[in-house]
Structure formats: C-alpha cells, structure tokens
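Engineer: Below is the sequence, then the predicted model.
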Amino acid sequence: MIDMDVADVYSWAPTFKGLQNLVNEETRVRFSSGRITILNELEAVDSSVRELYPFVQGVVETIETESHAKTVEKLGRATENFSQGLDLLVKEVDGFFQVVLSGRDALLSNLRSAVTVNGDILGSNGDAQAVN
C-alpha cells in the first residue's frame, strides 16, 4: 500500500495517519500469512465460491444437494455481509468527502473575503492610477 502524506497542520491528520498505519499493518499481516483477500467479508465469499466451483464445473459427480444448498446459503449470507460492508464504506467515504468539501468551501470563503477587502483597497489605488 502507498502511504499518503498528510500535513500535520490539518486537525484530522493524526487520525488519518493512525487509520492508514492500522490498515497497512493489517494488510501486511494478511499477505505474510498467505491470505490473498484483505477483507473478512470478501474472504468468506471467496471460500464459498471455492467450495462451489468444482460442482459448477462438473468435476464433482456426486449429487450432495443438501451440502451444496448449505454452501449456496453460506455464499448468499457472505455476499449480503460484503454488500452491507460496502454500503457502510460508501457512507463513510461520502461523509469524509463532505467534510473535505466543507473545509474547502470555508477556505475559499475566507480567501474571497480577504481578496474583497484587499481588492477594494487595491482597487481604489488602481483606479486612481488608471485615471492618471
């Protein structure tokens, strides 16, 4: 994972850096232990798909309807949990994006106010120079 450098001047920088370090460390641990997937929910979906794959490919000849039905139900639950997790992630990212936009809007508003105040002063001098 690539570390994103965030300046310490932002109030949210320590929280972001802490989260980034936590995610990066967990990712390293999972990959070093041989696990391919990063998310538990995605790992559950992957496990169910691996169980069903031989049956779908026709490699398994025996018909174990009850066993396959349980695996399909397990896959359905895992997929639902994964979907719910993605929905929560989308909401959190949207909330973070709204905070960033609010900060940007406040900064732009402050800059416009400063330009307007300084612009009026400079505009008066500029007009006087333009008339000469």
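Structural biologist: Sure thing, it's come through. These figures come from a predicted structure and were not determined experimentally. Numbering: from 1, shown residues only.

Engineer: Count the neighbours of the residue nearest to residue 13 when sequence neighbours are not counted for me.
Structural biologist: Residue nearest to residue 13 in three dimensions, not counting chain neighbours: residue 6, with 4.6 Å by CB to CB, 6 or more residues apart in numbering. (C-beta placed from N, C-alpha, C; glycine too.) Counted with other CB atoms under 10 Å, the neighbours of residue 6 add up to 14.

Engineer: Residue 78 now?
Structural biologist: 20.

Engineer: Tell me who's in contact with it.
Structural biologist: 41, 44-45, 47-48 (CB atoms under 8 Å, 6 or more residues apart in numbering).

Engineer: okay, stretch 32-51 in PDB with CA atoms only?
Structural biologist: Below are the C-alpha coordinates for stretch 32-51, written out as PDB (Å, rounded to 0.1, in the frame of the first residue of the first chain):
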ATOM      1  CA  SER A  32       2.500 -12.500   5.000                       C
ATOM      2  CA  SER A  33       0.300 -15.300   6.400                       C
ATOM      3  CA  GLY A  34      -0.600 -16.300   2.900                       C
ATOM      4  CA  ARG A  35      -4.100 -14.900   2.800                       C
ATOM      5  CA  ILE A  36      -5.000 -13.300  -0.500                       C
ATOM      6  CA  THR A  37      -8.000 -11.300   0.400                       C
ATOM      7  CA  ILE A  38      -7.900  -8.300   2.700                       C
ATOM      8  CA  LEU A  39     -11.500  -8.100   3.900                       C
ATOM      9  CA  ASN A  40     -13.000 -10.800   6.100                       C
ATOM     10  CA  GLU A  41     -16.300 -10.500   4.200                       C
ATOM     11  CA  LEU A  42     -14.600 -10.900   0.900                       C
ATOM     12  CA  GLU A  43     -12.700 -13.900   2.200                       C
ATOM     13  CA  ALA A  44     -16.000 -15.600   3.200                       C
ATOM     14  CA  VAL A  45     -17.300 -15.000  -0.300                       C
ATOM     15  CA  ASP A  46     -14.100 -16.400  -1.800                       C
ATOM     16  CA  SER A  47     -14.300 -19.500   0.500                       C
ATOM     17  CA  SER A  48     -17.900 -20.300  -0.500                       C
ATOM     18  CA  VAL A  49     -17.100 -19.800  -4.200                       C
ATOM     19  CA  ARG A  50     -14.100 -22.200  -3.900                       C
ATOM     20  CA  GLU A  51     -16.400 -24.800  -2.400                       C
END
